[in-house]
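Trainee: Dropping a prediction and its sequence here:
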Amino acid sequence: MDKLTPHQSSVQISEFVSNLRNGIWLLGIPSWLFGITDRSMATLADGYLSAMDFMQLLTASLFFLSWLVLKPDQVEINTYPTDISLVPYEINPDSAQNRMLELRKLHLISQEYILPFSHLCQIYHLLNLKHLETVHSFSLSNLRVVSVTHFQPTAIGGIIKFQTMLDSAFNTLRIWRQPVVEVILALHNPHTVELNIPVYGDKRIVVMFNVEPISDKEHKLFIDIYSNLNWPKPLLQLLLHLASCLTLFEDLPYLQKLAERNIDRLFSASMVSSHETAWLFRRFVELYGSARKSSQPMKMLDSNDTVSEIA
């Protein structure tokens, strides 16, 4: 096991103390609320509010307000490498492998699924931006794709940047992100797609999707999530696992409908929409042709950062 440097030990101690202070402060809030509620019910039980009862309630309320004001300052502790760029800049034949190797220090969770659908259904779903609004309308609380701001085709894939807007005033994502942000979707190769999401400031979440064809009607889906968020890692991992499972649950009925359709028609250049939200999918069709061509042997990156031959 690698020994921690004095700086790393100091950072870990500071982070622990900061988390402990915040934990104690958070625990105090329900404790004060319970005390005030209990005192209020006891005071009003006889329908009479004496001067002494009033002073006790006032004192408890003032202490509670003081407790809220004494919230510990959020100490920004950068425990992640500062030389890692979470924004993809280029796509090349080795970009998927290099990208996952570059991000490995920020890795949080991995998930692997075997799904009873063609991998082309998954590719079609991942590369069509409008599906964020329809298929994931529940988990993303009516997120809207406003416009495409940048599209860069490459020799083996492409990068598209698009603005998303929180259309609902009750969207929980409003807690930490701006109403309109720019999201990045990158096609690294025929089987690897990156979704790059801003959170706040320079904090981002990167989701790498790798699909591995098993047969014409079955494929493996690998999901790896990376982030430089300075949240408690166990809590962040739990939230990401739940969010990933929820979005996959939403995907299943849609993927089933796609599987029942004619895949060749979906991947026919003449049938692909020319709308800006389908530009990256159109690029996939231009590069890799019909479903028949896409199912031929190709190189792909698996979840273990190795390159394997897919037949």
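Mentor: All right, it came through fine. Residues are numbered from 1 along each chain as shown.

Trainee: Please parse this structure into its domains.
Mentor: The chain breaks down into these domains under automatic domain parsing: 6-69, 95-310.

Trainee: So what's the residue count around I24?
Mentor: Close neighbours of I24, defined as other Cβ atoms under 10 Å, add up to 10. Backbone N, C-alpha and C define where each C-beta goes, glycine included.

Trainee: repeat for K71
Mentor: Count around K71 with other Cβ under 10 Å applied: 12.

Trainee: Give the helix, strand or coil label for Q152.
Mentor: At Q152 the chain is in strand, as set by DSSP: H, G, I helix; E, B strand; the rest coil.

Trainee: Correction: the previous question concerned Q163.
Mentor: Once three-state DSSP is applied, Q163 turns out strand.

Trainee: which of the domains of the chain has the lowest average pLDDT?
Mentor: Across these, domain 6-69 has the smallest mean pLDDT, namely a mean of 75.

Trainee: hmm, back to that, quick one, which of the domains of the chain is nearest to P88?
Mentor: P88 lies closest, by Cβ to Cβ, to one member of those: domain 95-310, at 4.9 Å.

Trainee: where does that closest one sit relative to the chain's centre, distance-wise?
Mentor: Remark: domain 95-310 is offset 11 Å from the chain centroid, using Cα atoms, centre = their mean, to the nearest Å.

Trainee: wait, is K71 part of a strand?
Mentor: No - counting by three-state DSSP, K71 is located in no strand; its state is coil.

Trainee: Would you check that it makes contact with W25?
Mentor: Yes - contact criterion Cβ atoms under 8 Å: K71 and W25 qualify, at 5.9 Å.

Trainee: most packed of the domains of the chain?
Mentor: Comparing the domains of the chain on average neighbours per residue, with mean count of other Cβ atoms under 10 Å, the densest one is domain 95-310 at a mean of 17.

Trainee: coming back round to it: would you mind giving the domains of the chain as JSON lines with distance to V87 added?
Mentor: Below are the domains of the chain laid out as JSON lines (distance: least, Cβ to Cβ, whole Å):
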{"stretch": "domain 6-69", "distance to V87": "25"}
{"stretch": "domain 95-310", "distance to V87": "7"}
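
Trainee: nearest to L86, of the ones you listed?
Mentor: Here domain 95-310 is closest among the domains of the chain (Cβ to Cβ), at 4.3 Å.

Trainee: Look up which helix or strand L49 falls in, please.
Mentor: Under DSSP states H and E, no helix or strand contains L49.

Trainee: contacting residues for it?
Mentor: The contact partners of L49, by Cβ atoms under 8 Å, 6 or more residues apart in numbering, come to T43.

Trainee: Need the phi and psi values for it.
Mentor: Dihedral pair for L49: phi -110, psi 110, per degrees, to the nearest 10.

Trainee: do L70 as well
Mentor: phi -80, psi 20.

Trainee: just checking, it touches W25?
Mentor: Yes - using Cβ under 8 Å, L70 makes contact with W25 at a distance of 7.3 Å.

Trainee: Quick one: the strands in the stretch 151-300 of the chain, in order.
Mentor: 158-166, 180-189, 192-200, 203-215, 218-227, 298-301 (DSSP state E, counting those that start in this stretch).
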